[in-house]
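sequence unavailable; structure follows:
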């Protein structure tokens, strides 16, 4: 798959984390981002990856 097939989940809290896990379970590549880095990092072990840089329109993270 190329980057056009990658799904980004911005916000990995109560709703975003289960959505990201379902997408990962379906075999899709998923980039996960959250204001607090630890919530996003929890999904890396499930196969997600962190972005190389902050999304353009996302608020500044607490972990920048």
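Sure thing, it's come through. What you are looking at is a predicted structure, and each value in this text was computed from that prediction instead of being measured.

for the residue most central in space within the chain, give me its contacts.
Central residue of the chain (Cα atoms, centre = their mean): residue 32, 0.7 Å from the mean position. Going by Cβ atoms under 8 Å, 6 or more residues apart in numbering, residue 32 touches 8-9, 12, 16, 20, 40, 43-44, 48-50. Placement of C-beta: from N, CA and C, glycine included.

of those residues, which count as buried by neighbour count?
Neighbour counting over the contacts of residue 32 (16 or more other Cβ atoms under 10 Å) leaves 9, 12, 16, 20, 40, 43, 48 as the buried ones.

so the closest residue to the first one other than its chain neighbours, which state does it fall into?
Right, the one you point to is residue 9. Leaving out its chain neighbours, the residue that sits closest to residue 9 by Cβ to Cβ, 6 or more residues apart in numbering is residue 20, at 4.4 Å. At residue 20, secondary structure determined by DSSP: H, G, I helix; E, B strand; the rest coil is helix.

isn't residue 19 right up against residue 8?
No. The pair residue 19 / residue 8 is not scored as a contact, 11.3 Å apart, by Cβ atoms under 8 Å.

related to what we said a few turns ago, the contacts of residue 32 in strands, which ones?
Counting by DSSP state E, the contacts of residue 32 place 8-9 in strands.

could you dump the contacts of residue 32 into TSV and include pLDDT and distance to residue 28?
Below are the contacts of residue 32 laid out as TSV (pLDDT from 0 to 100; distance: Cβ to Cβ, whole Å):
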residue	pLDDT	distance to residue 28
8	93	11
9	95	10
12	95	15
16	97	15
20	98	10
40	94	17
43	97	13
44	96	15
48	97	10
49	96	12
50	95	16
